[in-house]
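Engineer: what follows is a predicted protein model with its sequence.
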Amino acid sequence: MVPKQGTEKEDRRKGELGGSLKIRWMDLGDIPSVLSIENRSFPTPWSENIFREEIQSPLCSCLVAAIDGRIVGYIDFSVVWDEVHVRNIAVRPDYRKKGIASILIVHMITETSKKGARWATLEVRRSNIGAIGLYEKFGFILTGVRPLYYRDTEEDALIMWKDLAKDPQDEG
Ligand SMILES: CC(C)(COP(=O)(O)OP(=O)(O)OC[C@H]1O[C@@H](n2cnc3c(N)ncnc32)[C@H](O)[C@@H]1OP(=O)(O)O)[C@@H](O)C(=O)NCCC(=O)NCCS
């Protein structure tokens, strides 16, 4: 019997990642694992209290990526009217460049588009080439700069926007 295409893809991804990847909503019990990634990802990491507030806020949504139950990444975003604001995203250092942030972004876009979101925006440090590459891949466009927005490294923030109705694949 010829296996279904979806199954082959699942198996391939499982092999590449060393287990089954699941995307689900973050809960309070996830905070220690999330903080361990956060602390290794940012010069001024979010505190436990910030994650607690984000999880409990009606305006914010947090997704985690877990491989066989082990958290390897997360995304946090808020939605106001038809605008999604990406507030935080990080992947465990040893799981980067395997498509995990991309999967989290796809889930965020799917979830928010279903509820009528039309635009997504974010700020990113000018030096964060990896994150900028990730956002450009999804069709985020540079629209402005907030000079010296990040006080810890005295760095500018680039402001990026994406039209959620446009698929970057369609634009060549
Ligand atoms: C930015 C980050 C979330 C990307 O996560 P990831 O799971 O490695 O990203 P993906 O594997 O889905 O990469 C998707 C695309 O992003 C770009 N990208 C990701 N990491 C990159 C890097 N180090 N250099 C250049 N481009 C990169 C590439 O275009 C890549 O596509 P490709 O694999 O087809 O080349 C991760 O590097 C991270 O956690 N960094 C620290 C936290 C951070 O800076 N967060 C963003 C705050 S604005």
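Structural biologist: Looks like it arrived, so ask away.
Engineer: can you tell me the helix or strand for Ser61?
Structural biologist: Element membership of Ser61 [criterion: DSSP states H and E] is strand 60-67.
Engineer: tell me which residues are up against the longest helix along the chain.
Structural biologist: When the chain is scanned for its longest helix (criterion: DSSP state H), the result is helix 100-114. Helix 100-114 is contacted from outside by 17, 21, 23, 61, 63, 65, 72-75, 77, 79, 84, 86, 89, 91, 120, 134, 137-138, 164, using CB atoms under 8 Å, 6 or more residues apart in numbering. For every residue, glycine as well, the C-beta is placed using N, CA and C.
Engineer: check stretch 127-136 too.
Structural biologist: The contact list for stretch 127-136, computed with CB under 8 Å, 6+ apart, reads 89, 96, 101-102, 105, 122, 124-125, 153, 155, 158, 160, 162.
Engineer: give me the buried stretch members for it, please.
Structural biologist: Neighbour counts over stretch 127-136 (16 or more other CB atoms under 10 Å) mark Ala131, Ile132, Leu134, Tyr135 as buried.
Engineer: now those as TSV including pLDDT and secondary structure?
Structural biologist: Converted to TSV, those look like this (pLDDT from 0 to 100; DSSP: H, G, I helix; E, B strand; the rest coil):
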residue	pLDDT	secondary structure
Ala131	98	helix
Ile132	98	helix
Leu134	98	helix
Tyr135	98	helix
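Engineer: ok, which of those residues also contact the ligand?
Structural biologist: Contacts with the ligand within the buried residues of stretch 127-136, as defined by CB under 6 Å from any ligand atom: Ala131, Leu134.
Engineer: between the buried residues of stretch 127-136, which sits nearest Pro147?
Structural biologist: Ile132 (17.1 Å; CB to CB).
Engineer: now that closest one: how far from Ile141?
Structural biologist: Ile132 is 11 Å from Ile141, where distance means CB to CB, to the nearest Å.
Engineer: go on, Val106?
Structural biologist: Applying CB to CB to Val106 and Ile141 gives a distance of 18 Å.
Engineer: show the backbone phi and psi for Asp30.
Structural biologist: Geometry field for Asp30 lists phi and psi as phi -80, psi -10, criterion degrees, to the nearest 10.
Engineer: and what of Arg24?
Structural biologist: Dihedral angles for Arg24 - degrees, to the nearest 10 - are phi -150, psi 170.
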